[in-house]
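Engineer: need a structure here:
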Amino acid sequence: MKFRLLRDQWFLIGVAAVFIFALADPGGIIGPLGRALTAARANEVCLAIIFVMSGLEMDFEHLREALRDGRGTALSMAFTFVVAPLLAWGLSLAASSRDLALGMMILGVVSTTQASGIVMAGAAGGRSAHALLISVLSNALCVFTIPFQLSWMLAGTAPDLRLPLAEMMVKLAALILLPLAAGMLIRGMRGEARSGGLSAGSRPMNADRRAPFPFKPSVVSRLMIHGIILTGLCEGRASILGGGAQVAEAFALTLVLHLVLAGLLWRTLRALGWGAGRRESVFFMGIQKTLPQAIWLQATYFASHGLALVVCLLYHVTQLVLDSWWVGLMAAKRR
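Structural biologist: Predicted coordinates for the structure are as follows:
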């Protein structure tokens, strides 16, 4: 029991530990470490590994069941690709600096989370398979939506910043679609080998539930997110420590964005009459944003705007804290 907090909240504790380590900079190693991680393209490596792990987690039998809830999937997608970008763009107009505005735009266009939202949906009593389906579809679509949505936002507020659309789509496909497809292929080949070539109808009912790998892909994904946060903090440490009032403003903007998104989606779910067991996956996947993509976009195309990274990092921490609290409330209500 005394290790229960560490077991249940190790990811959030790890995020806090990474923040403390990077900002405290013991021994002055953050500068050299950041340069080494950047030279090794750590963000891109970690992002690719995350999507390989997402592919490995896909249980195709359960995904087929999740496909039946087309309305839930569509609603979550609408909030990810329509409501969130519009809200983030509106808040970017209220930001006091270009860096903060860019951070809000980046948050608005990135896809839904890969790891934490799936875990939270299941912990709250929802369908993890449906949450995974939403995550996979969202991350596949963002290859095409991110370049155009971000370019549209920049055209109105920062016309001097232009993005290479074709190059962005190729890079996003290489970092998202190819690793995801590789993970799915490995999962399918491993599952086929374990089932001895039996057809889906002749396999035992619990065949797909046996862990096909000696490790948990979700744990590896979370560790990669820790690595991405560390890389981002190494690059943005000076901006965070020297940001002062703008860091507080960044926190306020991210808090407003997440609370408004959550409030709108929750009221929509209540109006539709969707009860417990169905609404959790739609709710958490519709309001969460993925940090790895956000940090990659900032580091690749807006590296000189350090406070944009702060916005992305603060939103991730905000959604983890608030959504963990909501998970507890939903789980307690079900009990």
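
Engineer: pretty sure Gly125 contacts Glu280?
Structural biologist: Yes: between Gly125 and Glu280 there is a contact under CB atoms under 8 Å: 6.0 Å. Where you see a C-beta, it was placed from the backbone N, CA and C, and this is true even at glycine.

Engineer: joint contacts of those two?
Structural biologist: Here Gly125 and Glu280 share the contacting residues Met330, scored by CB atoms under 8 Å, 6 or more residues apart in numbering.

Engineer: Tell me which other helices or strands the strand or helix carrying Ile13 touches.
Structural biologist: Using DSSP states H and E, Ile13 sits within helix 10-24. With contacts taken as 3 or more CB pairs under 8 Å, 6 or more residues apart in numbering; DSSP states H and E, helix 10-24 sits against helix 217-243, helix 306-334.

Engineer: so where do the helices sit in the stretch 101-250 of the chain?
Structural biologist: Per DSSP state H, counting those that start in this stretch, the stretch 101-250 of the chain carries helices over the ranges 116-123, 128-157, 165-172, 178-195, 217-243, 245-272.

Engineer: okay, those helices in a markdown table with distance to Gly103, mean neighbour count and mean pLDDT next?
Structural biologist: Listed next are the helices of the stretch 101-250 of the chain as a markdown table, based on distance: least, CB to CB, whole Å; neighbours: other CB atoms under 10 Å; pLDDT from 0 to 100:
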| stretch | distance to Gly103 | mean neighbour count | mean pLDDT |
| --- | --- | --- | --- |
| helix 116-123 | 20 | 24 | 81 |
| helix 128-157 | 12 | 20 | 88 |
| helix 165-172 | 18 | 15 | 88 |
| helix 178-195 | 26 | 16 | 76 |
| helix 217-243 | 10 | 20 | 78 |
| helix 245-272 | 7 | 17 | 93 |
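
Engineer: okay, now Asp160: neighbour count?
Structural biologist: As a burial measure, Asp160 scores 6 neighbours (other CB atoms under 10 Å).

Engineer: Could you do Phe19 as well?
Structural biologist: Burial of Phe19 is recorded as 16 neighbouring residues (other CB under 10 Å).

Engineer: who's in contact with it?
Structural biologist: The contact partners of Phe19, taken as CB under 8 Å, 6+ apart, are 229, 233, 317.

Engineer: Using CSV, lay out the residues you listed together with distance to Phe79.
Structural biologist: As requested, the contacts of Phe19 are arranged in CSV below (distance: CB to CB, whole Å):
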residue, distance to Phe79
Ile229, 24
Leu233, 29
Val317, 21
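
Engineer: Distance-wise, check Val170 relative to Val219.
Structural biologist: As for Val170, its distance to Val219 is 30 Å (criterion: CB to CB, to the nearest Å).

Engineer: doesn't Ser135 make contact with Glu57?
Structural biologist: No: between Glu57 and Ser135 there is no contact under CB under 8 Å: 9.4 Å.
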